[in-house]
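Participant: Need coordinates for the following:
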Amino acid sequence: MQKAVLRVEWSNEKERKRALKIVSAFEGIQSVAVDMDNRKVTVIGSMDPVQLAEHLRKRFDTVIEYVGPKETPTTQVTGTGESNDNTPNPDSEGKTYVYYPYYPTYPPPYCHPPPCYHFHY
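Facilitator: Residues are numbered from 1 along each chain as shown. So this is what the prediction gives:
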């Protein structure tokens, strides 16, 4: 599992959707997060980020900003079982993240409609 952060230059909502469609159709992706303000796409999975960037570069200006291991959250267990850390994260102020769950686009649920048998006598 690895994490890749890609900066994708889209200009409108239609291009953003097109970029997400390209990313979500790529094999080995577990989750996709989009930072709308900075035009960054964060992808986690067992994919090749260079090939993913090549697919996006066919249509968009794409720059790979970070490739590395997926960070596991480290939590400290206190004696009371509660976390008293209510301070906001200074890195997340002013950023908008949209999380898209990964649903495979293949195979389609129904390839063909059921046969219709009409007998006329």
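
Participant: lowest-confidence helix or strand of the chain?
Facilitator: For the chain, scoring each helix and strand by mean pLDDT, DSSP states H and E identifies strand 97-101 as the least confident one, at a mean of 64.

Participant: For the longest helix along the chain, which residues meet the burial criterion?
Facilitator: Identified as the longest helix of the chain according to DSSP state H is helix 13-24. Using 16 or more other C-beta atoms under 10 Å as the burial criterion, the residues of helix 13-24 that qualify are Arg16, Ala19, Leu20, Ile22, Val23, Ser24. Where you see a C-beta, it was placed from the backbone N, CA and C, and this is true even at glycine.

Participant: just stretch 60-73 next, same as before
Facilitator: Applying a neighbour-count criterion of 16+ other C-beta under 10 Å, the buried positions in stretch 60-73 are Phe60, Thr62.

Participant: what mean pLDDT does it have?
Facilitator: The pLDDT scores in stretch 60-73 average 83.

Participant: Extract the C-alpha set from it and format it as CSV.
Facilitator: Coordinates of each C-alpha in stretch 60-73 appear next as CSV, following Å, rounded to 0.1, in the frame of the first residue of the first chain:
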residue,chain,number,x,y,z
PHE,A,60,-4.4,17.2,-18.0
ASP,A,61,-1.2,18.8,-16.8
THR,A,62,-0.2,16.5,-14.0
VAL,A,63,2.7,16.7,-11.5
ILE,A,64,3.6,14.0,-9.0
GLU,A,65,4.1,15.8,-5.7
TYR,A,66,4.6,12.9,-3.3
VAL,A,67,4.9,9.1,-3.4
GLY,A,68,5.5,7.1,-0.3
PRO,A,69,4.1,4.6,2.2
LYS,A,70,0.6,5.0,3.5
GLU,A,71,0.9,6.6,6.9
THR,A,72,-0.8,4.7,9.7
PRO,A,73,-2.5,6.8,12.3
